[in-house]
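Q: missing the sequence, but the structure's below:
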DNA sequence: CGTGTTATTGACCACCCTGGTCAATTGTAT
DNA sequence: ATACAATTGACCAGGGTGGTCAATAACACG
């Protein structure tokens, strides 16, 4: 990441990084092609090496950017006071959904990095640290009193988390295959509320439904 | 697929096809390397072309084999009489789990083919036909009377399917990352029964729990 | 206008891997 | 000894790789 790149217009920076993220996400580091990256970004081969030292630092800088971005955009301000587990899952899920919709390149890139064996030790550490944080926060400050008592609370939480993940996964694939437009967005949230109401009826005591 | 391959020992045939499936699953048709396939299969380059015409027919024959295999091993005898939806999902999920565990190469290969744009029209048709069948059977002959009536039956079925998929997905990733041995298999089924009992308590009328 | 600086190009490099071939060798059964 | 099947891996032309660099284009300042 040379000064030439840093002094670039911010939007142009993002376009280039997005091209790199798309390519790295699809092929991994080793099989990613710098030729395809410059083609995607609409620039010449020379410019890439005017902006970055080499393929490795391009990848490192891109990963740094992506992790910074997801930390500051998705993981900031997700802590709250006490709430029900269903509400917690729904909130986090919604936040994730919005982020994935707004920055699909970053989301895909980080997802692929999650399974990658090509990261160095520091990068793996940072990636795992972020994921650990997310897992911790989901069970923090939950009002367990809302759960019906004839089912173990841990069991309820597992089942609810699986259910809501299933719903969001189905929506994701629907959006990917059909290319969901913004007018379906309301419909999506209506449906979501419908299912959440059902979940409350199933898992909560009557007074919390 | 020349006679030389057909007259081969069946196990050896499978080893070679498995090597091809691994490679195609990981890289898709175009980026798959015949050199890596022969290395995985432990044979020389020449033999591959002694057994198959070229890369394309190798892929076609491999896909044919895989689709035949999954049809006869996983999709045969999955129809039954009437049963509850939870029991249906659990049964199909279990069957899938067992198959994925026994033939992971085939499962991965077909999964990758599901998203592939590199198939020809006939191959896409056949692939979609198999998947359609599987989707149809899941809602056939379900005893809807078991569901509690204060929640819409379609809603219940959606929620249950997402939940059980979530569980099996978690088990799959656990097995992939930790390399689950057979001694954990019992534990896995115990847990599964535990969650199924909870689901029955949640979604069924009292007399069916 | 000239001059110096920065941005930008794409032809070019040596290298590696590709799908596929084939003459040569080994194994085997008669 | 002979015929035939199985098996090898060096080899091919072609294409893609990460990376370089001399040549320009664009622009700023005087």
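A: All right, it came through fine. What you are looking at is a predicted structure, and each value in this text was computed from that prediction instead of being measured.
Q: what parts of chain A come near chain B?
A: Contacts of chain A with chain B, taken as CB under 8 Å from any CB of the partner chain, map to A:31, A:150-152, A:155-156, A:158-159, A:161-167, A:169-170, A:194-195, A:198-199, A:201-203. For the C-beta atoms, the positions are set from N, CA and C on the backbone; glycine is no exception.
Q: just the element for the residue in chain A that DNA strand C sits nearest to, please.
A: Nearest residue of chain A to DNA strand C, counting by CB to the nearest atom of the strand: residue A:46, 2.2 Å away. Element membership for residue A:46 (DSSP states H and E) is helix A:45-51.
Q: ok, residue A:100 next?
A: For residue A:100, the element it lies in under DSSP H and E is helix A:85-102.
Q: quick one: list the elements packing against that helix.
A: The contact analysis (3 or more CB pairs under 8 Å, 6 or more residues apart in numbering or on different chains; DSSP states H and E) places helix A:85-102 against helix A:121-138, helix A:153-178, helix A:184-203.
Q: pick the most deeply packed of these.
A: Ranked by mean neighbour count, the helices and strands packed on helix A:85-102 are led by helix A:153-178 with a mean of 18 (mean count of other CB atoms under 10 Å in any protein chain shown).
Q: list the contacts for residue A:5?
A: A:13, A:16, A:51-52 (CB atoms under 8 Å, 6 or more residues apart in numbering or on different chains).
Q: swap that for residue A:30, please
A: For residue A:30, the contacting residues are residue A:118, by CB under 8 Å, 6+ apart.
Q: rerun at 10 Å
A: A:55, A:59, A:118 (CB atoms under 10 Å, 6 or more residues apart in numbering or on different chains).
Q: same question for residue A:55.
A: Contact analysis of residue A:55 by CB under 10 Å, 6+ apart lists A:20, A:24, A:29-30, A:32-34, A:37, A:48-49.
Q: what's the farthest-apart pair in these?
A: A:30 and A:49 (18.5 Å; CB to CB).
Q: what are the buried residues along the helix holding residue A:100?
A: Buried residues in helix A:85-102, defined by neighbour count with 16 or more other CB atoms under 10 Å in any protein chain shown: A:85-86, A:88-90, A:92-93, A:96-97, A:99-100.
Q: for the record, mean pLDDT for that helix?
A: Averaged across helix A:85-102, the pLDDT comes to 93.
Q: after that helix comes which helix or strand?
A: helix A:104-114.
Q: quick check: angle from that next one to helix A:85-102?
A: Angle, helix A:104-114 to helix A:85-102, by axes from the mean of the first three to the mean of the last three CA atoms, to 10 degrees: 110 degrees.
Q: in helix A:104-114, what counts as buried?
A: So, applying 16+ other CB under 10 Å, buried residues of helix A:104-114: A:104-110, A:112-113.
Q: returning to that earlier point: distance to DNA strand D, pLDDT and secondary structure for the contacts of residue A:30 - can I get that in TSV?
A: What follows is the contacts of residue A:30, written out as TSV (distance: CB to the nearest atom of the strand, whole Å; pLDDT from 0 to 100; DSSP: H, G, I helix; E, B strand; the rest coil):
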residue	distance to DNA strand D	pLDDT	secondary structure
A:55	3	98	helix
A:59	9	97	helix
A:118	13	92	coil
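Q: from those, which are also near DNA strand C?
A: Residues of these in contact with DNA strand C (CB under 7 Å from any atom of the strand): none.
Q: quick check, nearest of those residues to residue A:144?
A: The shortest approach to residue A:144 among the contacts of residue A:30 belongs to residue A:118, at 41.4 Å (CB to CB).
Q: number of residues surrounding the closest residue to the closest one other than its chain neighbours?
A: What sits nearest to residue A:118 in space, not counting adjacent residues and going by CB to CB, 6 or more residues apart in numbering or on different chains, is residue A:29, at 4.5 Å. By other CB atoms under 10 Å in any protein chain shown, the residues close to residue A:29 number 19.
Q: so how far is chain B from residue A:29?
A: 15 Å (CB to the nearest CB, to the nearest Å).
Q: in contact with the residue in chain A positioned nearest to DNA strand D, which residues?
A: In chain A, the residue that lies nearest DNA strand D is residue A:33 (2.8 Å; CB to the nearest atom of the strand). With contact taken as CB under 10 Å, 6+ apart, residue A:33 is in contact with A:23, A:27, A:39-40, A:55.
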